[in-house]
Structure formats: structure tokens, C-alpha cells
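> following is a predicted model, sequence given first.
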Amino acid sequence: MVEEPRDPELLSYAPALIRKRSSLTLLGWIVITLLGASSLGIVLLAFPTQTKCVSPRTYCSAQLRGIGQALYIYAQEKSSGAMFPDAGLDWQKTLDDAGTTVPKQFVCPLAAAGQTSYFYVPGYGIESDPRQVIAYEYPLHRGDNGGHALFQDGHVEFISAPKYQALINSLKLPDGRPWAPHLAAKK
């Protein structure tokens with residue numbers, strides 16, 4: 001094989017020709033990133049997303065759980081005997097005045113304007129039986145479907161009817177007297 005003579009002048013530029021590579025500049029990277037983000041945005045807009053609505057059932061459960069926390073805060077900070085407020089029908093004002101709740105916390109989305117949303121069973125405290133219901137949802141909010149109950153240990157449970165109605169009809173104060181303010185609220 002015959003080797004062609006090399007031109008020394010051409011060889012002096014060879015490293016520059018060989019080093020020529022395809023690299024992106026900062027501006028190139030920015031343009032590619034913007035195009036990719038725009039494409040992703042268009043693709044995501046093409047698919048509808050579900051609305052993040054909170055169901056009334058979830059909302060009521062969260063409200064009662066917050067009320068339970070407020071009762072515990074009240075018992076630990078305001079009560080000398082670790083008791084929940086003994087305010088009976090005025091328990092909401094007692095918790096509001098103590099700064100542990102806000103008024104909208106006592107309103108269920110299913111309640112009619114001015115209607116009581118939650119009822120409280122007074123006289124219990126931190127040391128009470130964990131299975132004791134200390135607050136519950138107005139029984140007529142859900143028709144015959146049941147309701148939420150807040151237990152002394154802080155958990156909230158949705159109980160189906162007729163068990164819910166039987167549970168709230170069996171509520172008693174610590175001294176054994178029946179407790180049923182929801183019956184007076186029906187009128």
C-alpha cells in the first residue's frame with residue numbers, strides 16, 4: 001500500500017479538527033429543559049385529574065377527632081383533675097373560651113343552618129374507660145345510615161345504623177343517669 005505524503009501544514013490543524021466535538025452549551029441545555037417541561041405540561045393537561053373533595057363523612061370524622069384533641073388539651077391544661085369540661089350543653093363555648101377550638105370546628109357539613117352538629121357527654125376524663133363515647137354526631141344528619149362517635153381514647157368510628165342509634169340511646173353520665181340531648185334537639 002502506498003502511503004501519501006503528509007502535508008505538514010495540514011497536520012498542524014489536525015488536533016483542532018479532531019477535537020471538534022458536539023457538545024451542548026448552557027443555552028442549549030436550557031432550551032432542551034424548557035421544551036421537555038412544556039411537553040410534560042401538555043401531556044399532563046391531556047389527562048383529567050380527579051377533584052380533591054373531602055366527603056362529608058371524612059370531614060365529620062376529622063372534626064370529631066379535632067374535638068377529641070381539644071378535650072385532651074383542656075383536661076391537661078385547664079382541669080385540675082384531668083377531666084374534660086363539665087359544661088353539659090355549653091361545652092363548645094367552654095372549649096372556645098379555653099382556646100382549644102374554633103367555632104367552625106363544631107359544624108358538620110350535613111347540618112342545617114343553626115342546627116347542632118355534635119353532642120358531648122360530660123363528666124368523663126383522661127382516666128375514663130377508653131370505650132366510653134364522649135362526643136357523637138347528630139343522629140339525623142345521615143338519615144338512617146348511622147353516624148360518628150368519638151371515644152375517650154381519641155379514636156373516631158363510623159357506626160352503621162341501627163347500632164349507632166342503640167349506642168347513643170344507651171349513653172349514661174358517670175353517675176348513671178341517661179344522657180340524650182339529641183332527643184331534645186329533634187323538636
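Thanks, I have it.
> for R65, give me its contacts.
By CB atoms under 8 Å, 6 or more residues apart in numbering, the contact set of R65 is 150, 154-156. (Each C-beta comes from the backbone N, C-alpha and C, glycine too.)
> let's see 7 Å
Residues near R65 by CB atoms under 7 Å, 6 or more residues apart in numbering: V156.
> L24 versus that one, what's the distance?
Taking CB to CB, to the nearest Å as the measure, R65 falls 54 Å from L24.
> do L140 as well
68 Å.
> same question, P181
73 Å.
> neighbour-wise, which of these two wins?
It is P181, of P181 and L24, that has more neighbours when counted by other CB atoms under 10 Å, with 14 against 10.
> mind listing the helices for this protein?
Here the chain has its helices, by DSSP state H, at 8-19, 26-46, 56-77, 91-98, 163-169, 181-185.
> closest to Q115 out of those?
helix 181-185 (7.6 Å; CB to CB).
> list the contacts for the closest residue in space to Y118 that isn't next to it in sequence?
Nearest non-adjacent residue to Y118, counting by CB to CB, 6 or more residues apart in numbering: A135, 5.4 Å away. For A135, the contacting residues are 64, 67, 118-121, 150, by CB under 7 Å, 6+ apart.
> one more pass at 10 Å, please.
For A135, the contacting residues are 63-64, 67-68, 71, 84, 91, 106, 118-121, 148-152, 156, by CB atoms under 10 Å, 6 or more residues apart in numbering.
> again with Q115
For Q115, the contacting residues are 107-108, 138, 140-141, 185, by CB under 10 Å, 6+ apart.
> what's the residue closest to the geometric middle of this structure?
Centroid check for the chain by CA atoms, centre = their mean gives A62 as the closest residue, at 6.4 Å.
> these two touch, right, that residue and V156?
Yes. The pair A62 / V156 is scored as a contact, 8.2 Å apart, by CB atoms under 10 Å.
> what sits in contact with each of those two?
Both A62 and V156 are contacted by H148, under the criterion CB under 10 Å, 6+ apart.
> so where is this structure shaky, pLDDT-wise?
Where the chain drops to pLDDT under 70, the residues are 1-23, 47-54, 79-81, 87-89, 182-187.
> about what we covered before: make TSV out of the helices of the chain and add distance to R131.
Converted to TSV, the helices of the chain look like this (distance: least, CB to CB, whole Å):
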stretch	distance to R131
helix 8-19	80
helix 26-46	48
helix 56-77	14
helix 91-98	20
helix 163-169	11
helix 181-185	20
